[in-house]
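Asks: sequence-free structure coming up:
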Ligand SMILES: Cc1cc2nc3c(=O)[nH]c(=O)nc-3n(C[C@H](O)[C@H](O)[C@H](O)COP(=O)(O)OP(=O)(O)OC[C@H]3O[C@@H](n4cnc5c(N)ncnc54)[C@H](O)[C@@H]3O)c2cc1C
């Protein structure tokens, strides 16, 4: 029995069905894989083909690294091809389904494959309790107690509740004395107090910059929002923020030494023109003018040094509900190597409900697929 129909649940089911087991899925929503489909809206980035060392470095836990090594990009691409979903490698190694294939096509192809292997799906069925032998499944009319041989829980994290990822299961776990860690936002925007002269540029991208937070750094593009910044480098640096680093520094011209910047600024009519010629984004120019005194702004030595290290005080991460993913949930210390719960060895956990972290860019989904595969292969 599998509870949930996200990518982790479906991959666990895939391996179990292929091994000849009988599998029944229960899902509280009306349809399968709602968060999987949401992930598809902004480009369906299923995994990433960067080199293995860099790939593994994206994960914060050795346990999840072991799983993505056992079921990695190649295995995923082969599996998708098998169910009729050809993929291609996009920019920065991202793996996408071929452009004509929509997220719902991927999901439907997968569900059809599982049904052909004999899977049964029950929707609008919520697991409200479980013990070592049976689960309590609530529907509109009643609560059924259903016995299982093995139970796979792939209940998701705690963001985007409307997709079913409410994190409500953690209360049930705590009632049973199973350790869970509080959820925290990951892959969330940074909240920053910014003056109106800057926020009026909201929605504008700030391209080709390098962001530094604590010991971490990331090159890329961020976007100014009504509350602060979002974008790949921001998401990548979430972990550094949660470790207590709140002073973000932006290098607005990473390829240029301060001396080169001074030389270029000197050729311009005035510093503002010079910054424009250097292609510094408008929100950054406005912020620099807000932070520097007039005489500092006119001093090209000060200005060029500032450009290499523009400081921003981060207030908070956006709320958990808005985050792309969450950390927290079931710690690896509460599960065995096969991801069965130490307290309930016949019950397995996989996907985002486990406490691991990775940036977006396909790494989240790959870890969900891989941990599902790990559970599916581990059940004999
Ligand atoms: C906006 C957005 C964009 C994203 N983009 C990307 C991306 O580009 N690349 C990437 O790698 N990842 C991305 N993600 C993250 C990715 O979608 C998730 O990490 C992934 O879906 C988690 O999979 P999962 O199987 O663990 O859980 P989920 O997909 O959340 O599935 C859990 C399922 O369990 C069901 N469930 C929970 N409790 C119960 C219960 N008690 N009874 C019955 N059913 C229950 C839920 O209804 C849900 O269907 C994105 C997420 C969001 C929100």
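Replies: Done, it's in. These numbers come from a predicted model, not from an experiment.

Asks: near the ligand, which residues of the stretch 101-250 of the chain show up?
Replies: Residues of the stretch 101-250 of the chain lying near the ligand by Cβ under 6 Å from any ligand atom: 126, 127, 154, 155, 156, 160, 163, 164, 165, 169. The C-beta positions use only the backbone N, C-alpha and C, and glycine is treated the same way.

Asks: show me what contacts residue 345?
Replies: residue 336 (Cβ atoms under 8 Å, 6 or more residues apart in numbering).

Asks: that older thread, so of the residues of the stretch 101-250 of the chain next to the ligand, which ones are in helices?
Replies: residue 169 (DSSP state H).

Asks: with pLDDT and neighbour count added, can I get the residues of the stretch 101-250 of the chain next to the ligand in JSON lines?
Replies: Below are those laid out as JSON lines (pLDDT from 0 to 100; neighbours: other Cβ atoms under 10 Å):
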{"residue": "126", "pLDDT": "98", "neighbour count": "17"}
{"residue": "127", "pLDDT": "98", "neighbour count": "21"}
{"residue": "154", "pLDDT": "98", "neighbour count": "28"}
{"residue": "155", "pLDDT": "98", "neighbour count": "28"}
{"residue": "156", "pLDDT": "98", "neighbour count": "30"}
{"residue": "160", "pLDDT": "96", "neighbour count": "21"}
{"residue": "163", "pLDDT": "97", "neighbour count": "17"}
{"residue": "164", "pLDDT": "98", "neighbour count": "22"}
{"residue": "165", "pLDDT": "98", "neighbour count": "25"}
{"residue": "169", "pLDDT": "98", "neighbour count": "24"}
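
Asks: show me which pair in the residues of the stretch 101-250 of the chain next to the ligand is furthest apart.
Replies: With Cβ to Cβ as the measure, no two of those lie farther apart than 127 and 160, at 19.3 Å.

Asks: what's the nearest residue to the residue of the stretch 201-350 of the chain found nearest the ligand if we skip its chain neighbours?
Replies: For the stretch 201-350 of the chain and the ligand, the shortest gap (Cβ to the nearest ligand atom) falls at residue 324, measuring 4.4 Å. Leaving out its chain neighbours, the residue that sits closest to residue 324 by Cβ to Cβ, 6 or more residues apart in numbering is residue 187, at 3.6 Å.

Asks: that neighbour contacts residue 365, correct?
Replies: No: contact status for residue 187 versus residue 365: not in contact, 12.0 Å apart, counting by Cβ atoms under 8 Å.

Asks: residue 243 and residue 214 touch, don't they?
Replies: Yes: assessed by Cβ under 8 Å, residue 243 is found in contact with residue 214 at 6.1 Å.

Asks: more neighbours: these two, which one.
Replies: Neighbours per residue, other Cβ atoms under 10 Å: of residue 243 and residue 214, the larger number sits with residue 214, 15 against 11.
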